[in-house]
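S.K.: This is the structure alone, sequence omitted:
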Ligand SMILES: [Zn+2]
């Protein structure tokens with residue numbers, strides 16, 4: 001089995017969401033030694049009629065008109081393509097994929113979008129993977145902001161286990177609809193790792209695990225959690241061990257600090273690729 005692939009496009013660092021794009025090229029450059037040492041294949045996503053068709057299955061024409069009006073439609077499509085390509089690579093035999101994006105997705109819902117998100121990359125991908133025969137998904141959102149868009153799509157869908165870490169005060173665990181919101185305030189390293197190990201229950205069944213990864217969880221970045229560098233290797237190991245060989249799609253979400261991205265993204269990839 002092939003261990004790990006990356007999906008990446010330099011456009012993410014050029015025409016991506018301004019708050020998110022400065023980190024893209026520097027973090028990819030920081031990854032280069034790991035990519036070479038481990039011969040990690042890097043796939044370049046593209047916007048195809050198929051990708052547009054998949055997006056239209058999930059978002060309404062009116063919604064898409066609003067996204068077009070922002071000027072980020074093309075980059076958001078390319079970001080969706082990156083995540084969809086990642087899922088297809090998993091279907092073709094890769095154990096895990098790290099998917100770069102230029103726009104985030106988890107605040108993109110059925111009626112509105114905000115917070116550097118335009119199209120819900122993960123919702124499009126799940127819809128697509130279902131057409132390919134996959135049934136159950138586990139979405140682990142460890143970006144510190146509440147994944148409200150993703151929740152809107154899957155709140156009544158028992159076959160999408162949505163584990164949603166957020167900065168807040170109230171944890172609501174709904175096992176009927178498989179929606180699990182873990183509030184962390186402020187989300188220090190030990191607390192984060194402890195809650196994460198408890199949240200990943202052995203009894204959950206799924207055909208693909210999708211991690212919505214925002215490094216705005218870092219104490220130097222703009223989100224609410226207060227994580228420090230060493231925790232990123234730990235959380236990746238924990239998630240990788242939990243996935244235990246099941247397809248694991250790691251999707252880049254929030255985060256803008258260049259130094260943080262240059263440190264934590266290589267850490268994640270290093271752990272994903274190691275034996
Ligand atoms: Zn965030």
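M.R.: Now that the structure is in, tell me what you want to look at. Just so you know, these numbers come straight off a predicted model, no measurement behind them.
S.K.: could you pull out the helices for the stretch 1-150 of the chain?
M.R.: Taking DSSP state H, counting those that start in this stretch as the criterion, the stretch 1-150 of the chain carries its helices at 11-14, 18-21, 24-38, 49-58, 61-70, 73-91, 121-131, 148-154.
S.K.: need the contact list for the residue in the chain positioned nearest to the ion.
M.R.: Relative to the ion, the nearest point of the chain is residue 254 (2.8 Å; Cβ to the ion). For the C-beta atoms, the positions are set from N, CA and C on the backbone; glycine is no exception. Shown in contact with residue 254 (Cβ atoms under 8 Å, 6 or more residues apart in numbering): 20, 104, 115-116, 143-145, 214-216, 221-223.
S.K.: Give me the spatial nearest neighbour of it, chain neighbours excluded.
M.R.: For residue 254, ignoring the flanking residues on the chain, the nearest one in space by Cβ to Cβ, 6 or more residues apart in numbering is residue 214 at 3.3 Å.
S.K.: looking at it, that neighbour is touching residue 255, isn't it?
M.R.: Yes: applying Cβ atoms under 8 Å, one finds residue 214 in contact with residue 255, separated by 5.4 Å.
S.K.: For the two, list the residues in contact with both.
M.R.: Joint contacts of residue 214 and residue 255 (Cβ under 8 Å, 6+ apart) are residue 223.
S.K.: quick one: the strands in this protein?
M.R.: Remark: strands assigned in the chain by DSSP state E are 2-7, 42-43, 94-99, 137-141, 160-167, 172-174, 179-184, 208-213, 248-252.
S.K.: what's the most buried one of those strands?
M.R.: strand 248-252 (a mean of 28; mean count of other Cβ atoms under 10 Å).
S.K.: got the contact list for it?
M.R.: Residues contacting strand 248-252 (Cβ under 8 Å, 6+ apart): 83, 86-87, 90, 95-101, 104-105, 121-122, 125, 208-213, 239-240, 265, 268, 272.
S.K.: Also near the ion: which of those, exactly?
M.R.: With Cβ under 5 Å from the ion as the criterion, no member of the contacts of strand 248-252 is in contact with the ion.
S.K.: Spell out which parts of this protein neighbour the ion.
M.R.: 143, 145, 214, 216, 223, 254.
S.K.: In JSON lines: those, plus distance to residue 49.
M.R.: JSON lines is the format used below for the residues of the chain next to the ion (distance: Cβ to Cβ, whole Å):
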{"residue": "143", "distance to residue 49": "30"}
{"residue": "145", "distance to residue 49": "32"}
{"residue": "214", "distance to residue 49": "30"}
{"residue": "216", "distance to residue 49": "33"}
{"residue": "223", "distance to residue 49": "36"}
{"residue": "254", "distance to residue 49": "30"}
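S.K.: okay if I get those as TSV plus pLDDT?
M.R.: Formatted as TSV, those follow (pLDDT from 0 to 100):
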residue	pLDDT
143	98
145	97
214	98
216	98
223	96
254	98
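S.K.: which among those gets closest to residue 5?
M.R.: residue 214 (21.2 Å; Cβ to Cβ).
S.K.: Give the full set of residues in contact with that closest one.
M.R.: Contacts of residue 214 by Cβ under 8 Å, 6+ apart are 104, 142, 143, 144, 145, 223, 253, 254, 255.
S.K.: nearest to residue 57, of those residues?
M.R.: Closest approach to residue 57 among those (Cβ to Cβ): residue 104, at 20.2 Å.
S.K.: Which pLDDT does the model give that closest one?
M.R.: Residue 104 carries a pLDDT value of 98.
S.K.: Good, wrapping up.
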